[in-house]
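A.B. asks: Give the three-dimensional model of this entry:
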Amino acid sequence: MPEKKQKRGMLLWWLIVHTLWLVSCSAPVENSFIRTPSMLAPQSPVSARIAGLSWFMIILGTLIYIGVMIYFFYASRGNRAYDFEEELRQPNRGNGIVMTWGVGFTAIVLVVLFGLNLGTMRANHQIFNREEGLVIDVIGRQWWWEVQYSEQGFETANEIHIPVGQPVTLRLVTKDVIHSLWIPELSGKLDLLPNQVNELVIVADKTGEYWGECAEFCGTQHAKMQLMVIVQTEREFNAWLEHQQTIPEPPQDEFAFEGRQIFLGSACVYCHAVAGTNASGDLGPDLTHLGSRRTLGAGILENTTGNLAGWIVDAQAIKPGNHMPPMDLSGEELQAILAYMETLE
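C.D. replies: Below you'll find the model as predicted:
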């Protein structure tokens, strides 16, 4: 009797723990800066279909799990001690029946899920006309996202701005290894492959900020390769476009101007670009409008003066393995460069 009670208790705890775990998977985690996105909180027609399929699979899997646990619980109520040698001499035909039904039911479930998955993929592919709307080039790098608005003539980094309710085509390619872009609340995943352009169409039902990430292991800092999609009203988006197309004027403040001279005379110009200056590097993010961005380091830091100072001095301490080397600057030089960076809005 004690053994039977112990088995029942273990099975009951397994059922409770796994049920709570399944429920927790649907809840997005938030902190003061980064909000973990959930594919079960869709904000677009594409993600809504994916979420619907996901919920179906979760509910079906939960019901199957509960059924199996009930069967085990019922089987554990038997009073006869298991005798392996006796089982070999007198095999139980019931085991064969259970096996046949188990394999058959599993095959049916897998076929149904495969068909639903193909239907979802096809429907998502046909939702939008890819020849209409805004086109944005998204280039994956270790470990950040280069974002080019080629038709508008500018680029940014780790941020995509789009108008609400309008389909936008993302042309995806990589400059190094394979990456994968996933914006859970707006789309499914799509790989970025060398020498191949893949297209992902997204649309957002409402304004807001949506987090995306790399969904294919790409090296040391794969987990810190995030991207923010900022969905704006058409008026806000057009104003943002117009601002991004402007070339920053040299700062009028003497200290900020000194920082500009220090920046342009350093090795920074070989990795970064600033429109209207001799800085034309393309190994790192374009800094033309750095001050207007929300994040630093591909979404791992909020864009504040303190965080920017830490990143400039020693980015390796914040994101080990990234391609920005530590900078040997005096305190005054650092403050001057920061003053200049703040003018790049």
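
A.B. asks: which residues touch the nearest residue to residue 159 once chain neighbours are set aside?
C.D. replies: Of all residues not flanking residue 159 in the chain, residue 228 sits nearest, at 5.2 Å (C-beta to C-beta, 6 or more residues apart in numbering). Where C-beta positions appear, they are placed from N, C-alpha and C, glycine not excepted. Counting by C-beta atoms under 8 Å, 6 or more residues apart in numbering, residue 228 makes contact with 158-160, 209-212, 294-295, 299.

A.B. asks: among those, which one has the lowest pLDDT?
C.D. replies: Of all those, residue 299 carries the smallest pLDDT score, 89.

A.B. asks: So it sits against residue 158, correct?
C.D. replies: Yes. The pair residue 299 / residue 158 is scored as a contact, 5.8 Å apart, by C-beta atoms under 8 Å.

A.B. asks: Common neighbours of these two, please.
C.D. replies: In contact with both residue 299 and residue 158: 226-228, using C-beta under 8 Å, 6+ apart.

A.B. asks: So which of those residues are in strands?
C.D. replies: If you go by DSSP state E, the shared contacts of residue 299 and residue 158 have 226-228 in strands.

A.B. asks: ok so, going back, quick check, nearest of the contacts of residue 228 to residue 312?
C.D. replies: Closest approach to residue 312 among the contacts of residue 228 (C-beta to C-beta): residue 295, at 15.2 Å.

A.B. asks: Look up the residues forming beta bridges with the closest one.
C.D. replies: residue 302 (DSSP bridges).

A.B. asks: number of nearby residues for it?
C.D. replies: The tally of other residues near residue 295 (other C-beta atoms under 10 Å) stands at 20.

A.B. asks: Relative to residue 257, how far out is it?
C.D. replies: 27 Å (C-beta to C-beta, to the nearest Å).

A.B. asks: again, but for residue 66
C.D. replies: Residue 66 is 69 Å from residue 257, by C-beta to C-beta.

A.B. asks: now swap in residue 338 and tell me
C.D. replies: 13 Å.

A.B. asks: same deal with residue 201?
C.D. replies: 44 Å.

A.B. asks: Compare these two (neighbour count), which wins?
C.D. replies: More neighbours surround residue 201 than the other of residue 201 and residue 257, with 20 against 16 (other C-beta under 10 Å).

A.B. asks: Sketch out the low-pLDDT regions of the stretch 101-250 of the chain for me.
C.D. replies: Regions of the stretch 101-250 of the chain meeting the criterion pLDDT under 70 cover residues 123-132.

A.B. asks: quick one: the strands in it?
C.D. replies: Counting by DSSP state E, counting those that start in this stretch, one finds strands in the stretch 101-250 of the chain at the ranges 134-141, 144-149, 154-157, 159-163, 168-174, 179-182, 189-192, 198-202, 208-214, 226-232.

A.B. asks: want to throw the ones you listed into JSON lines with distance to residue 248?
C.D. replies: What follows is the strands of the stretch 101-250 of the chain, written out as JSON lines (distance: least, C-beta to C-beta, whole Å):
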{"stretch": "strand 134-141", "distance to residue 248": "22"}
{"stretch": "strand 144-149", "distance to residue 248": "17"}
{"stretch": "strand 154-157", "distance to residue 248": "12"}
{"stretch": "strand 159-163", "distance to residue 248": "17"}
{"stretch": "strand 168-174", "distance to residue 248": "26"}
{"stretch": "strand 179-182", "distance to residue 248": "29"}
{"stretch": "strand 189-192", "distance to residue 248": "30"}
{"stretch": "strand 198-202", "distance to residue 248": "30"}
{"stretch": "strand 208-214", "distance to residue 248": "25"}
{"stretch": "strand 226-232", "distance to residue 248": "21"}
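
A.B. asks: Of these, which stretch is the most buried?
C.D. replies: Highest mean neighbour count among these (mean count of other C-beta atoms under 10 Å): strand 179-182, with a mean of 24.

A.B. asks: Put together CSV for the shared contacts of residue 299 and residue 158, with distance to residue 241 on each row.
C.D. replies: CSV is the format used below for the shared contacts of residue 299 and residue 158 (distance: C-beta to C-beta, whole Å):
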residue, distance to residue 241
226, 23
227, 19
228, 17
